[in-house]
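**Student:** Sequence below, structure please.
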Amino acid sequence: MDNSNTNGHLATADKQAKLGWRLKFWEQRRHLVAVLAFFGFFNVYSLRVNLSVAIVAMNSVYKVTLPNGTTIEQQDFNWDSKLQGVVLGSFFYGYIGTQLLGGWMGARFGGATVYGIGVTSTAILTLITPFLVNISVYWLIFIRIVEGLFEGVTYPCIHAVWARWAPISERSQMASLAFSGSFVGTVIAMPASGLIAKYLGWPYVFYITGIVALIWCTIWFNIVENDPADDTYISAEELKYIQDSLGSYGKTKITHPWKKIVTSTPVWAIVCAHFCENWGFYTLLTQLPTFMKDTLNFELESAGFASSLPYLVMAIIMQFAGRLADRLTNSKVISVTKVRKLFNCGAFISQTIFMISAGYLLTPGGVILCLVMAVGLGAFAWPAFSVNHLDIAPQHASVLMGFSNTFATIPGIVSPLITGFIVTNKQASEWRMVFYIAGALYLFGAVFYGIFASGERQEWAKDEAKEPKKMDEKHLSYDNKAMTTDNV
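**Tutor:** Numbering: from 1, shown residues only. Below is the predicted model of the structure:
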């Protein structure tokens, strides 16, 4: 580094020290992108889970006092468990259809742009949901399918964002931070939806979540660029740091080797892990409020709060898990492959134990504890399989995420239907079978991923891009606190 660069670097560091943490954080644009992506996924899941709680209120019997003083019971809708299963699963009918498209669009048009359009469109559709559901339940099913189509692009195209914004040494941490927004969104949206439905009425569940999402969309489109080189406010040091870390992966025209992708066992290991994790996740995401109310006799607002606890724990653990995964990877004490397998398989085995225990206990305290642990410990799996695409083929990561998430969406469609057919009498024994199925899939996922997963760049992914430049620890940090990951 020459003297002019050194002096410029020292001046930048001195300015940041004087202006304090806020400006330092603002100047770390990649971290700002990760935080805004966190709130993006917060809204993605708020818009997704609002119906899981609202549908309980929509089908509940409530008392109404007439002008003459007579009290009668009313019910806005009376959908049986099978129809409710179709309604809850309808989102995923659309969601599965745009996974590969979302990955391709993110790589082609820019991940940040596609991500923002997906959330914006879903928010607008959410705002008109109360009007359409009062016309017909089939309109509700239709609007949820269309919402799924737009939300389907969000997960795949965010990898196109990381492919340009996330230095190799920070992949797990940045991705984990962003993805944890999904669980925080669930934590907030579930109890909030219960309270909103109770005190304002179920239509306001959709109005409020839709408006909050649109506010986020305005911020996202005004701040985040598809490429750090297009960001007006990024420092020269940070831009160089990102570009040196990523090499030419953000610049090379990409041709996806589909035959090699679909015949790659490490790719299928990711697919399997993603599918198995989502089976348990979506089962609880769509059914837990109903289970809490019908089987454990929780009130609506209490059911929403209790249902959110597993995701609160998951969001907290994920921050630690992402940092730990990056530290182990960067320390080179163990290989990337071993880090991914350790985190994913350890999480899945733990989830198997607690999910089956929940089915066995079926008491309020025991079930909540087991489900909190079963979902919460899944946080260790996400810094494994969810970033594994970037390990094995960074330039194809958004498409690989779309590929794996296509299969991982199937549980969102099938699980509510199976649960609807199993749980016909609202008996504890019926729910036990639901938990056992999820536990068995976690165990299968642990075995398959443990055998076939890899953290190494695959041969078919080495042809189109140059290796990233090797950087020593001093270069990685730039000796600049504003350039470290500790400020995220």
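**Student:** can we go C-alpha only for contacts and neighbour counts from here?
**Tutor:** Noted.
**Student:** isn't residue 181 right next to residue 34, touching?
**Tutor:** No. Here residue 181 lies out of contact with residue 34, judged by CA atoms under 8 Å, at a distance of 10.1 Å.
**Student:** buried sites along the top helix by length along the chain?
**Tutor:** Among the segments of the chain that qualify as a helix by DSSP state H, the longest is helix 300-331. Across helix 300-331, burial judged by 16 or more other CA atoms under 10 Å covers 300-319, 321-327, 329-330.
**Student:** got it, and stretch 78-94?
**Tutor:** Buried-residue list, stretch 78-94, by 16+ other CA under 10 Å: 81-82, 84-94.
**Student:** The residues you listed: which two are farthest apart?
**Tutor:** The distance between the two most remote of those (CA to CA) is 21.2 Å, for 81 and 94.
**Student:** And for the closest residue to residue 329 other than its chain neighbours, the neighbour number?
**Tutor:** Nearest non-adjacent residue to residue 329, counting by CA to CA, 6 or more residues apart in numbering: residue 336, 5.6 Å away. Neighbour count for residue 336, taken as other CA atoms under 10 Å: 21.
**Student:** Show only the entries of the buried residues of stretch 78-94 found in helices.
**Tutor:** Among those, the members that lie in helices (by DSSP H) are 81-82, 84-94.
**Student:** From those, pick the one nearest residue 276.
**Tutor:** residue 92 (15.9 Å).
**Student:** Tell me the spacing between the closest one and residue 130.
**Tutor:** Going from residue 92 to residue 130 by CA to CA, to the nearest Å gives 19 Å.
**Student:** Show me the shaky parts of this structure.
**Tutor:** 1-27, 247-254, 300-301, 304, 362, 463-488 (pLDDT under 70).
**Student:** domain assignment for it?
**Tutor:** Using the TED database, the domain parsing of the chain gives 28-245, 257-458.
**Student:** May I see the ones in helices among the buried residues of stretch 78-94 arranged in JSON lines, with distance to residue 290 as well?
**Tutor:** Output for these, formatted as JSON lines (distance: CA to CA, whole Å):
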{"residue": "81", "distance to residue 290": "10"}
{"residue": "82", "distance to residue 290": "13"}
{"residue": "84", "distance to residue 290": "10"}
{"residue": "85", "distance to residue 290": "11"}
{"residue": "86", "distance to residue 290": "14"}
{"residue": "87", "distance to residue 290": "14"}
{"residue": "88", "distance to residue 290": "11"}
{"residue": "89", "distance to residue 290": "14"}
{"residue": "90", "distance to residue 290": "17"}
{"residue": "91", "distance to residue 290": "18"}
{"residue": "92", "distance to residue 290": "19"}
{"residue": "93", "distance to residue 290": "21"}
{"residue": "94", "distance to residue 290": "23"}
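**Student:** Please identify which of the residues you listed is nearest to residue 344.
**Tutor:** Of all those, residue 92 has the smallest distance to residue 344: 24.5 Å, by CA to CA.
**Student:** show me the residues around the closest one that make contact.
**Tutor:** 145, 148, 409-410, 412-413 (CA atoms under 8 Å, 6 or more residues apart in numbering).
**Student:** Mind giving me the packing neighbours of the longest helix of the chain?
**Tutor:** Here helix 300-331 touches helix 29-58, helix 171-199, helix 265-294, helix 336-361, helix 364-376, helix 382-385, going by 3 or more CA pairs under 8 Å, 6 or more residues apart in numbering; DSSP states H and E.
**Student:** Sort out which one of the buried residues of stretch 78-94 lies nearest residue 175 for me.
**Tutor:** residue 92 (22.8 Å).
**Student:** how far away is the closest one from residue 108?
**Tutor:** From residue 92 over to residue 108 the distance is 24 Å, taken as CA to CA.
**Student:** Kindly tell me how buried residue 425 is, as a neighbour count.
**Tutor:** Look at residue 425: counted by other CA under 10 Å, it has 12 neighbours.
**Student:** I appreciate the help and will end here.
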